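Novice: Okay, here's the prediction I keep looking at, along with the sequence it came from:
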Amino acid sequence: MNSVQASWCQVLFFLITLSLGWHLLPSSGLAQEDGQLHPPSIGQDNNAEMWRAVRRGIQGKVSIPDKKAGILVQSEGEEWRSIRNGPISNYGAWLILGTIALLALFFAARGRIRIESGRTGKTVLRFASLERFTHWTVAVSFILLALTGLNLLYGRYIFKPWMGADSFAMVTLAGKYVHNYIGLLFIVGLIIMFLLWIRHNLPTQTDLVWLAKGGGMFKRGVHPPARKFNAGQKIVFAAVIIGGALLSYSGLSLMFPFAAEATVQDMQQTQMLHAIGALALTAVIIAHIYIGTVGMEGAIDAMWSGRVEENWAREHHSLWFQELSDQAGDPISENDPKAGRVPAE
């Protein structure tokens with residue numbers, strides 16, 4: 001008997017055993033209708049007890065050199081499926097949509113945060129080329145990771161019905177490879193970002209004043225002092241570094257399970273933590289994108305050209321702007337010949 005015939009025999013043996021084992025399941029895991037036993041529906045309900053019974057009655061052979069993997073069905077998989085497709089998916093959707101809704105309400109009530117002193121036409125250097133390149137590397141890679149990850153969680157409900165099963169499968173498979181490889185780029189960018197900005201993101205007493213005044217975001221004319229990064233930006237930085245590190249670790253564990261000698265249960269728990277962390281960080285980044293674009297006038301210039309309007313710097317980062325002025329002896333503008341020699345601090 002060749003290997004192909006042997007494989008088909010094993011499959012046939014498993015199907016026969018599964019059919020016989022199904023009728024030996026305890027009645028507590030089955031529903032009774034018309035005098036006959038029927039398996040409970042497979043949906044969001046947790047059928048862990050049924051799968052435990054299946055696990056006790058069915059054993060198989062696998063090629064993986066791990067005896068624990070010899071169990072064909074394990075009840076934790078049903079529990080994982082129920083949590084992933086239930087609370088994680090539901091609360092995650094509410095978190096993302098709720099964040100967008102709150103930002104829309106805030107924009108409707110507050111409007112765009114303008115440069116209240118008006119534009120002078122003069123700019124100061126805020127971020128050097130390396131800083132901007134690192135920021136956009138992390139930003140673009142995270143957006144791709146978020147989109148491909150959300151597709152794995154919600155794509156079958158949103159895209160599959162109108163794309164069709166085959167097209168959705170191809171897109172999702174391509175997204176899986178993008179997720180894996182872009183994830184490595186995200187890790188590299190995260191490390192460089194940490195090294196570049198950690199010294200500017202350490203908490204100080206000034207941050208307490210900024211937080212107490214809500215960063216001046218809720219009332220016009222209020223501009224609490226801040227250095228290069230204010231307390232809100234420091235919170236985002238901490239979320240990206242800490243959350244990104246946890247997502248990187250869990251992501252690498254999912255990509256290389258045998259390197260860590262992880263069990264199936266370990267992988268299921270890691271996947272749930274990865275999903276929860278990704279959803280939370282996505283909500284933070286949505287708020288960050290809002291403030292950096294439509295939410296605040298002049299903010300996008302810092303990462304687009306690297307230079308910001310002088311009055312924007314005075315209003316939102318007064319202590320940092322004062323440091324630049326003290327170093328140069330007067331406010332630094334793009335018309336000042338010393339402007340190009342001022343480092344982005």
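Specialist: Good, I have the coordinates. Just so we're clear, the structure is a prediction, and the values are computed from it rather than from any experiment.
Novice: F106 and L195: what is the separation?
Specialist: Distance of F106 to L195, computed by C-beta to C-beta, to the nearest Å: 33 Å. To be clear about C-beta, it is placed using only N, CA and C from the backbone, and glycine gets the same treatment.
Novice: Among the two, which residue is more densely surrounded?
Specialist: Legend: neighbour count by other C-beta atoms under 10 Å for F106 and L195, higher for F106 (16 against 10).
Novice: That one and I182: what is the separation?
Specialist: Taken as C-beta to C-beta, the span from F106 to I182 is 31 Å.
Novice: what does I289 give?
Specialist: In terms of C-beta to C-beta, I289 sits 18 Å off from I182.
Novice: quick one, helices of this protein?
Specialist: For the chain, the helices defined by DSSP state H cover 3-22, 48-57, 75-83, 89-110, 129-158, 160-163, 165-197, 205-212, 231-255, 264-290, 301-304, 310-316, 318-328.
Novice: neighbouring contacts of the fourth one?
Specialist: Applying C-beta atoms under 8 Å, 6 or more residues apart in numbering, the set of residues contacting helix 89-110 from outside is 153-154, 217-218, 275-276, 279-280, 282-283, 286-287, 290, 294-295.
Novice: What does the pLDDT read for G298?
Specialist: Note on G298: pLDDT of 95.
Novice: which outside residues touch stretch 184-198?
Specialist: Outside stretch 184-198, the residues that touch it by C-beta under 8 Å, 6+ apart are 130-131, 134-135, 137-138, 141-142, 145, 229, 237, 240-241, 244-245, 248.
Novice: and if you look at stretch 152-171?
Specialist: In contact with stretch 152-171 (C-beta under 8 Å, 6+ apart) are residues 84, 88-89, 92-93, 151, 172, 175-176, 179, 275.
Novice: With just CA atoms, put stretch 133-149 into CSV.
Specialist: The C-alpha atoms that make up stretch 133-149 are tabulated as CSV, following Å, rounded to 0.1, in the frame of the first residue of the first chain:
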residue,chain,number,x,y,z
PHE,A,133,10.8,58.7,8.0
THR,A,134,10.6,56.6,11.1
HIS,A,135,7.1,57.9,12.0
TRP,A,136,5.7,57.2,8.5
THR,A,137,7.3,53.7,8.5
VAL,A,138,5.5,52.8,11.8
ALA,A,139,2.3,54.6,10.7
VAL,A,140,1.9,53.0,7.3
SER,A,141,2.9,49.6,8.5
PHE,A,142,0.5,49.8,11.4
ILE,A,143,-2.4,50.8,9.1
LEU,A,144,-1.7,47.8,6.9
LEU,A,145,-1.5,45.5,9.9
ALA,A,146,-4.8,46.9,11.3
LEU,A,147,-6.6,46.6,7.9
THR,A,148,-5.4,43.0,7.3
GLY,A,149,-6.1,42.1,10.9
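Novice: State the mean pLDDT of that stretch.
Specialist: Confidence over stretch 133-149 (mean pLDDT, whole number) is 98.
Novice: Pull out the buried residues from that stretch.
Specialist: 134-135, 137-139, 141-142, 144-146, 148-149 (16 or more other C-beta atoms under 10 Å).
Novice: how about a markdown table for these, with distance to Q271 added?
Specialist: Shown next, in a markdown table, are those (distance: C-beta to C-beta, whole Å):
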| residue | distance to Q271 |
| --- | --- |
| T134 | 29 |
| H135 | 29 |
| T137 | 26 |
| V138 | 23 |
| A139 | 25 |
| S141 | 20 |
| F142 | 19 |
| L144 | 19 |
| L145 | 15 |
| A146 | 16 |
| T148 | 15 |
| G149 | 11 |
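Novice: Show the buried residues in the contacts of helix 89-110.
Specialist: Buried members of those, counted by 16+ other C-beta under 10 Å: 153, 217, 275-276, 279-280, 282-283, 286-287, 290, 295.
Novice: want to try JSON lines for those, with distance to M267 and pLDDT as columns?
Specialist: Shown next, in JSON lines, are those (distance: C-beta to C-beta, whole Å; pLDDT from 0 to 100):
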{"residue": "L153", "distance to M267": "17", "pLDDT": "94"}
{"residue": "M217", "distance to M267": "42", "pLDDT": "92"}
{"residue": "A275", "distance to M267": "13", "pLDDT": "97"}
{"residue": "I276", "distance to M267": "15", "pLDDT": "97"}
{"residue": "L279", "distance to M267": "19", "pLDDT": "97"}
{"residue": "A280", "distance to M267": "21", "pLDDT": "98"}
{"residue": "T282", "distance to M267": "22", "pLDDT": "98"}
{"residue": "A283", "distance to M267": "25", "pLDDT": "98"}
{"residue": "I286", "distance to M267": "28", "pLDDT": "98"}
{"residue": "A287", "distance to M267": "31", "pLDDT": "97"}
{"residue": "Y290", "distance to M267": "35", "pLDDT": "97"}
{"residue": "G295", "distance to M267": "39", "pLDDT": "96"}
